[in-house]
Every structure is written in C-alpha cells, then in structure tokens.
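Undergrad: Just a sequence and a predicted model for now, questions to come.
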Amino acid sequence: MRKTVRVDLPGRAYEVRIGTGLIEEAGAQIAPLLTRPKVAVISDATVAHLHLSALEKGLAGAGIEMSALTLPAGEATKSWGPLEQTVGWLLDQKVERGDLVVAFGGGVIGDLVGFAAAILRRGVRFVQIPTSLLAQVDSSVGGKTGINASQGKNLIGAFHQPSLVLADVDVLGTLTPRDFLAGYGEVVKYGLLGDAEFFDWLEEQGPALAAGDVPARVEAVRRSVQMKADIVTRDETEQGDRALLNLGHTFGHALEAATGYSDRLLHGEGVAIGCALAFELSARMGLCSQESPSRVRAHLKTMGMKTDLADISGDLPDATGLLALMGQDKKVVQGQLRFVLAREIGGAFVTADVAAQDVLQVLEDALRLR
C-alpha cells in the first residue's frame with residue numbers, strides 16, 4: 001500500500017512516499033538521486049539496533065555503499081556537541097556537495113542531520129527516512145532543521161528541504177506505545193488546526209490506528225503530510241500560514257523546557273497537552289465554545305494520552321515561570337508572544353492579541369489540578 005504526497009516548492013519540489021516496504025526498497029528509491037553509488041547515514045542507537053541492517057540491505061540491493069554514524073538516542077542529541085561530531089564525521093567520509101546524506105531516525109535525528117547537511121559545504125542534499133510517527137507526519141516534511149539551546153527548543157537552525165522522504169509505516173510497529181502516542185499528538189494537531197473532518201475520522205479510527213491497523217496508519221500519515229505540504233508550499237519560512245502548525249507548541253515547548261527536555265515529557269506529549277491548553281485559552285477568551293476543549297481532552301483520554309499538567313511527573317515552575325519560558329518561543333515578534341488559538345475544532349488562527357492575565361489564569365487552573 002503506497003501513497004505519495006508532493007511538496008511542490010518551486011525549484012526544490014520533492015516527494016513524500018508513504019507505505020510499507022520502503023526501507024527494503026531504499027536503494028531503488030534513492031538511486032535516481034545519486035551521482036555516485038554511496039551514501040552517509042546517521043542514525044541513533046535505538047533505531048540502528050532495530051533497523052540499520054535492513055536499510056543497509058535495501059541500499060545494497062541497488063549497489064549502493066553505506067557508511068553509518070550512530071548517535072545516542074534522546075533529545076539531548078539535538079545539541080552543539082553531536083552536531084559538531086556529525087559534521088566532522090561527514091567531512092571524514094569525504095561527503096561531496098553532489099552526495100546524499102540520509103537521516104534515519106525520529107525527529108531528533110531528522111532535525112540534527114538536516115541542519116548538518118544545511119551547513120556542510122554550505123549545503124548538501126539529504127533524504128529523510130523517518131522512523132517515528134511524529135517524524136513521519138511532522139518533522140521530516142517542510143525543511144525545518146536545527147538543534148536546541150539552553151534558552152529554548154529549536155532556536156538554532158536553518159530551512160533546508162530534503163530531496164526525498166520515505167515514510168515506511170512498517171517501522172511504527174517497533175515503537176513503544178508511549179512513543180507511538182506521542183507521535184499521535186502531532187496527528188491530532190492537524191485535525192484541530194484546519195480539518196474538522198479529519199478530527200472526526202480520528203475519533204472513529206484512532207483506536208484501530210493505535211492497535212496497528214496498517215491502512216489506517218497510512219491514511220493518517222498521508223492526510224497529515226498533505227496538510228503540512230499544502231501549508232509549507234504557501235509559506236515555507238513561516239511568515240504567515242505556517243505558524244498554524246505550531247498549535248499547542250507554545251505551551252508544549254515551555255513544558256519541555258521546564259522538564260529539561262527529558263523523558264518526563266516527550267515532544268508529542270507536550271504538543272497534546274499544549275493543544276488542550278490552547279483550546280482552554282480560546283474558550284476562556286470567548287473564541288470557541290466550552291464544549292471544544294472538552295471534546296479535545298475526551299479524545300486524548302480515549303487514546304490513553306497525556307492531557308493535563310497533572311499527567312507530568314515531578315515539579316513544574318509556577319504559572320509565572322511557565323509564562324517566562326513561553327517568552328523564549330520562536331514565535332515572539334518584537335517582544336510580543338503570538339499564540340495559535342481556535343474558534344472551533346478545525347478553525348485555528350494566529351494572534352498576538354492575548355492578555356497575559358488570561359494565559360496565567362489558564363496555567364494556574366491547570367497547575368491547581370496537579
């Protein structure tokens with residue numbers, strides 16, 4: 001079962017191929033892009049243990065030689081040290097401008113390797129082979145690359161589009177339930193921000209999708225990627241519409257910073273909680289009905305996901321501290337924080353017209369329930 005979504009950027013268009021067996025056929029998929037039969041692959045320890053030999057075999061089937069670097073798994077890898085290590089290793093491999101670098105892993109590897117490719121020799125091409133649901137539906141598409149800073153998440157990076165994305169849903173079967181559901185947080189986001197019918201579909205199909213239904217997984221990835229591709233094509237560098245993709249992220253990134261980018265809170269979990277908080281804020285401001293945040297939370301709870309600050313273990317800053325962390329968000333413009341809010345499910349919009357007191361009250365109410 002295969003689906004293809006085209007990201008139709010002028011002069012830099014590429015395909016996102018979604019389906020089963022794509023890693024087994026990686027050589028045939030990538031070969032037309034190569035100037036010589038050789039690729040440099042960067043992965044993490046978890047993915048390498050599970051899937052690197054299959055990728056090597058898939059590349060060898062088309063006569064493509066592979067060299068590989070394996071980095072530690074986890075959000076801490078999205079930092080200066082691993083970036084320097086990756087760039088140095090690529091230079092040691094004598095990667096040329098005409099060669100391809102392959103990012104083989106989840107969002108951390110995709111972001112890090114994409115940034116390394118962007119700065120290596122002032123830009124080499126790269127292919128994304130995302131191995132997590134989150135990476136397949138979000139971070140592998142659209143060309144955002146980068147690393148975290150102590151001041152906040154994704155504050156150092158570049159826009160650098162891949163040449164091809166291979167989203168093999170077979171690998172999703174090796175994810176832990178927690179990791180799969182963290183990725184599902186980004187899937188739900190697409191329905192909430194601009195496609196109410198997709199959210200309706202997820203309410204019906206979400207449990208089957210989580211249980212391993214392959215056609216449902218392919219369709220969920222396809223619809224998510226299609227929405228992101230349409231938005232990126234209109235607004236590649238986030239001057240307008242693309243900011244809608246940050247629904248839940250302003251809250252979520254602050255929570256990730258508050259938990260030290262640790263396993264206490266995965267990115268997709270932060271997004272899910274952030275979406276619930278964004279709808280709470282929207283309802284508090286009279287923008288949407290009180291039923292909307294309840295419906296969002298009900299679906300997340302049905303899926304067994306984190307929905308509230310009470311679901312995060314350990315200490316958190318107070319509401320003022322969380323608001324300060326939100327101030328480091330990339331969406332701050334002239335010192336003013338922009339939010340993605342909603343008038344209804346499927347009806348998100350970007351605004352800076354938000355009173356700090358409303359945000360503080362939403363956070364205080366959420367913290368009170370811990």
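TA: Now that the structure is in, tell me what you want to look at.

Undergrad: Give me the distance between the helix or strand hosting Gln128 and the centre of its chain.
TA: Per DSSP states H and E, Gln128 falls inside strand 125-130. Taking C-alpha atoms, centre = their mean, to the nearest Å, one finds strand 125-130 lying 14 Å from the centre of the chain it belongs to.

Undergrad: Any chance you could list what contacts it?
TA: Under the contact criterion C-beta atoms under 8 Å, 6 or more residues apart in numbering, strand 125-130 has outside partners 22-23, 26, 30, 33, 39, 55, 99-107, 110, 113-114, 117, 135-136, 139-141, 160, 162-168. To be clear about C-beta, it is placed using only N, CA and C from the backbone, and glycine gets the same treatment.

Undergrad: for stretch 260-267, same thing?
TA: 74-76, 107, 134, 148, 153, 178-179, 182, 252, 255-256, 259, 306, 312-314.

Undergrad: Repeat that for stretch 356-369.
TA: Contact with stretch 356-369 is made by 277, 280-281, 284-285, 308-310, 316, 318-320, 322-323, 326, 339, as judged by C-beta under 8 Å, 6+ apart.

Undergrad: what do you get if the cut-off is 10 Å, keeping everything else the same?
TA: 250-251, 254, 273, 276-278, 280-285, 308-311, 316-323, 326-327, 337, 339, 355 (C-beta atoms under 10 Å, 6 or more residues apart in numbering).

Undergrad: hmm, which of the contacts of stretch 260-267 are the buried ones?
TA: 75, 107, 134, 148, 153, 179, 182, 252, 255-256, 259, 306, 312 (16 or more other C-beta atoms under 10 Å).

Undergrad: Leaving out the residues flanking it, which one is nearest to the residue lying farthest from the centre of the chain?
TA: Centroid-distance maximum for the chain: Gly63 at 31.8 Å, with C-alpha atoms, centre = their mean. Among residues not flanking Gly63 along the chain, Pro37 sits closest, at 5.3 Å (C-beta to C-beta, 6 or more residues apart in numbering).

Undergrad: Neighbours of the one you found, how many?
TA: 15 (other C-beta atoms under 10 Å).

Undergrad: distance of it from Gln29?
TA: Pro37 is 14 Å from Gln29, where distance means C-beta to C-beta, to the nearest Å.

Undergrad: just Val187 next, same as before
TA: In terms of C-beta to C-beta, Val187 sits 24 Å off from Gln29.

Undergrad: the more surrounded of those two?
TA: Neighbour count, other C-beta under 10 Å: between Val187 and Gln29, Val187 has more, with 27 against 21.

Undergrad: can you give me phi and psi for that one?
TA: Phi and psi for Val187, reported as degrees, to the nearest 10, are phi -60, psi -50.

Undergrad: Okay, it and Ser294: tell me how far apart.
TA: Distance of Val187 to Ser294, computed by C-beta to C-beta: 20 Å.

Undergrad: returning to that earlier point: buried among the contacts of strand 125-130? Need that as a selection in ChimeraX.
TA: Per 16+ other C-beta under 10 Å, the buried members of the contacts of strand 125-130 correspond to this ChimeraX selection:
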select :22,23,26,30,39,55,99,100,101,102,103,104,105,106,107,110,113,114,117,135,136,139,140,141,160,162,163,164,165,166,167,168
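
Undergrad: Need the worst-confidence member of the buried ones among the contacts of stretch 260-267.
TA: Across these, the bottom pLDDT score, 83, is held by Lys153.

Undergrad: Using the three-state scheme, assign that residue.
TA: strand (DSSP: H, G, I helix; E, B strand; the rest coil).

Undergrad: Strands of the stretch 101-250 of the chain, start to end?
TA: 125-130, 144-149, 152-159, 164-168 (DSSP state E, counting those that start in this stretch).

Undergrad: can you state the direction angle for the third one and strand 144-149?
TA: It stands for strand 152-159. 150 degrees (axes from the mean of the first three to the mean of the last three C-alpha atoms, to 10 degrees).

Undergrad: got the CA coordinates for stretch 82-93 in PDB?
TA: Taking Å, rounded to 0.1, in the frame of the first residue of the first chain, the C-alpha atoms of stretch 82-93 are listed here in PDB:
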ATOM      1  CA  PRO A  82      26.500  15.900  18.500                       C
ATOM      2  CA  LEU A  83      26.200  18.400  15.700                       C
ATOM      3  CA  GLU A  84      30.000  19.000  15.700                       C
ATOM      4  CA  GLN A  85      30.500  15.300  15.800                       C
ATOM      5  CA  THR A  86      28.200  14.700  12.900                       C
ATOM      6  CA  VAL A  87      29.700  17.400  10.700                       C
ATOM      7  CA  GLY A  88      33.200  16.200  11.500                       C
ATOM      8  CA  TRP A  89      32.300  12.600  10.600                       C
ATOM      9  CA  LEU A  90      30.700  13.700   7.300                       C
ATOM     10  CA  LEU A  91      33.900  15.600   6.400                       C
ATOM     11  CA  ASP A  92      35.900  12.500   7.300                       C
ATOM     12  CA  GLN A  93      33.700  10.500   5.000                       C
END
